[in-house]
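[1] What follows is a protein structure lacking sequence information:
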């Protein structure tokens with residue numbers, strides 16, 4: 001066997017570390033979805049739950065900047081280099097955060113996760129092929145195409161047993177919303193990767209994107225409130241239900257770091273792998289329970305991750 005060239009080893013090591021970071025952020029993302037779903041059903045509703053999540057994420061990110069003593073450096077980078085689109089990419093996470101808060105109580109964390117996976121998979125392939133968030137485009141190889149098919153197959157298997165008769169069309173609508181939200185979320189991941197490249201700091205990318213996302217969800221709240229959609233909203237006393245926001249900081253920082261080494265599609269699959277395993281555990285421990293379709297879907301998505309992690313594919317120029 002021909003040994004790997006020395007310069008390839010650091011690249012492979014960075015890709016492996018990035019994949020582990022991405023998988024860990026996926027686990028945190030599932031926990032965030034569960035907390036936001038519980039917050040929504042406890043009295044806030046999905047829109048206010050999403051707004052509170054963004055507020056918590058922004059506060060946690062600011063605390064990270066202060067704790068690292070990077071306040072002046074961050075302000076300097078923002079004044080010198082920040083563009084409007086650094087903030088606008090944060091709008092891409094609003095649909096999936098709201099959809100998760102609404103969908104998790106209906107179908108459970110695992111099924112809600114795989115519904116968003118299909119959108120992330122399709123969008124991730126398209127963005128990588130165009131080089132969005134990457135130094136150069138990644139060609140669609142047979143391995144990457146097979147991973148995409150496997151991920152979508154996992155979605156189909158999960159949906160077969162994800163929604164019971166008691167949820168009906170509400171679960172179908174939630175699934176479609178999660179699909180769209182997952183696809184749009186890839187735009188934030190790619191955009192944050194580009195901001196990280198320009199600023200040299202994934203925390204800056206997190207700060208700008210969550211600020212833009214908070215503005216977006218605040219506008220949604222204003223519209224919903226104007227038509228009476230927030231009547232009867234109550235804030236539950238359980239403090240742990242509000243931890244979804246701070247967890248969002250970890251997710252966004254991790255994704256901004258990992259996308260530069262993995263690409264949007266591989267990042268998506270690595271995140272999904274961590275999401276699926278954690279989502280299954282949360283459903284086992286929660287009130288939804290575990291269905292065989294969810295277990296099979298998790299295994300299929302795991303295969304999709306193994307197909308591409310560590311082998312992101314050739315650049316278009318190669």
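    Here it is on my side, so go on. No experiment lies behind these values; they were computed from the predicted model shown. Residues are numbered from 1 along each chain as shown.
[2] those helices in the chain, which residues are they?
    Along the chain, counting by DSSP state H, helices occupy 8-39, 45-67, 71-81, 84-88, 94-107, 109-130, 142-162, 168-199, 202-226, 244-285, 292-308.
[3] is it possible to export those helices to TSV including mean neighbour count, mean pLDDT and distance to residue 234?
    In this view, the C-beta of every residue, glycine as well, is placed from N, C-alpha and C. Compiled in TSV, those are given as follows (neighbours: other Cβ atoms under 10 Å; pLDDT from 0 to 100; distance: least, Cβ to Cβ, whole Å):
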stretch	mean neighbour count	mean pLDDT	distance to residue 234
helix 8-39	21	78	11
helix 45-67	21	90	9
helix 71-81	13	90	36
helix 84-88	17	94	31
helix 94-107	27	83	15
helix 109-130	26	75	23
helix 142-162	20	72	29
helix 168-199	22	81	22
helix 202-226	20	91	15
helix 244-285	26	76	17
helix 292-308	20	71	32
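[4] Quick one: closest of those helices to residue 236.
    Set against residue 236 and scored by Cβ to Cβ, these come closest in helix 8-39, at 6.9 Å.
[5] Now do the closest one: which elements does it pack against?
    When contacts are defined as 3 or more Cβ pairs under 8 Å, 6 or more residues apart in numbering; DSSP states H and E, helix 8-39 packs onto helix 45-67, helix 94-107, helix 109-130, helix 244-285.
[6] Redo the helices of the chain as TSV? Include distance to residue 233.
    Compiled in TSV, those are given as follows (distance: least, Cβ to Cβ, whole Å):
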stretch	distance to residue 233
helix 8-39	11
helix 45-67	5
helix 71-81	33
helix 84-88	27
helix 94-107	13
helix 109-130	22
helix 142-162	28
helix 168-199	20
helix 202-226	9
helix 244-285	17
helix 292-308	31
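[7] quick one on the thing from earlier: among the helices and strands packed on helix 8-39, which comes closest to residue 19?
    helix 244-285 (4.7 Å).
[8] Distance from the chain centre to the closest one, please.
    From the chain centre to the centre of helix 244-285 is a distance of 6 Å (Cα atoms, centre = their mean, to the nearest Å).
[9] With stretch 208-223 instead?
    17 Å.
[10] what does it contact?
    For stretch 208-223, contacts defined as Cβ atoms under 8 Å, 6 or more residues apart in numbering pick out 47-48, 50-51, 54-55, 57-58, 61, 78, 82, 86-91, 93-94, 97-98, 188, 191-192, 195, 230, 248-249, 252.
[11] cutoff 6 Å now
    For stretch 208-223, the external contacting residues (Cβ atoms under 6 Å, 6 or more residues apart in numbering) are 47, 50-51, 54, 57-58, 61, 86-91, 93-94, 188, 192.
[12] and if you look at stretch 229-238?
    Against stretch 229-238 from outside (Cβ under 6 Å, 6+ apart): 42-45, 48, 224.
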